[in-house]
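1. predicted coordinates and the sequence they were generated for:
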Amino acid sequence: MQDFEDWEVDTDQVRTEPPGGRLTLTAILYYPDILDLRLAGYELERFESLLFALDSASYRKALRVSSMLNRSDASPIWNRHRANQIELLVLDSIHEYGLAQVPQLLRMILGRVYEGSLQSYLTIDLVEVFYWACLAEVARDYAWRDSRLNEWADYLSYPVRNVFEL
């Protein structure tokens, strides 16, 4: 496994082998969480591209994400504090539509990608921006009910779209 603190590595991948000797990302996921997500109305495949991008995140991209989140002047069009406020607005909106469990389940699922000795401030930042991107996908699904959800989804997904070009 690659350590985030090691600057002199040959590979640029955050994790060079899956945790616990598991061969795929899907082996990391906890099946009851997937079933709960299905019961809440979402299949895991809806977030598949985001999960694979998170799993294959490079060290350089993790540094860019962390820099974007931890510097208040990182971008004139995006900042973390506003993203936290918009997250609450999206959570409030989707709670009204009966999706209160979905954000919690998404955070649990994403948190399992980097667990144990793989956790660092960089992986926590990665999980946070990918959680926002997943939340943005849910918001886009309900944008037909409230047009503000599209704008909020664009704002929340900005770090992933900018750094990972998704």
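-> Now that the structure is in, tell me what you want to look at.

2. give me the three-state assignment for Tyr155.
-> helix (DSSP: H, G, I helix; E, B strand; the rest coil).

3. surely it touches Gln85?
-> No - using C-beta atoms under 8 Å, Tyr155 makes no contact with Gln85, being 9.7 Å away. Every C-beta, even on glycine, is put in place using the N, C-alpha and C of the backbone.

4. looking at the two, which one has more neighbours?
-> Neighbours around Tyr155 and Gln85, counted as other C-beta atoms under 10 Å, are more numerous at Tyr155. The numbers are 21 against 13.

5. contacting residues around the more buried one?
-> Contacts for Tyr155 (C-beta atoms under 8 Å, 6 or more residues apart in numbering) come out as Trp78, Arg82, Ala83, Ile86.

6. 10 Å - rerun?
-> Shown in contact with Tyr155 (C-beta atoms under 10 Å, 6 or more residues apart in numbering): Ile77, Trp78, Arg82, Ala83, Gln85, Ile86, Glu87, Leu89, Val90, Trp132, Ala136, Ala139.

7. now the third one: how far from Arg140?
-> Pointing back at Arg82 there. With distances taken as C-beta to C-beta, to the nearest Å, Arg82 is found 19 Å from Arg140.
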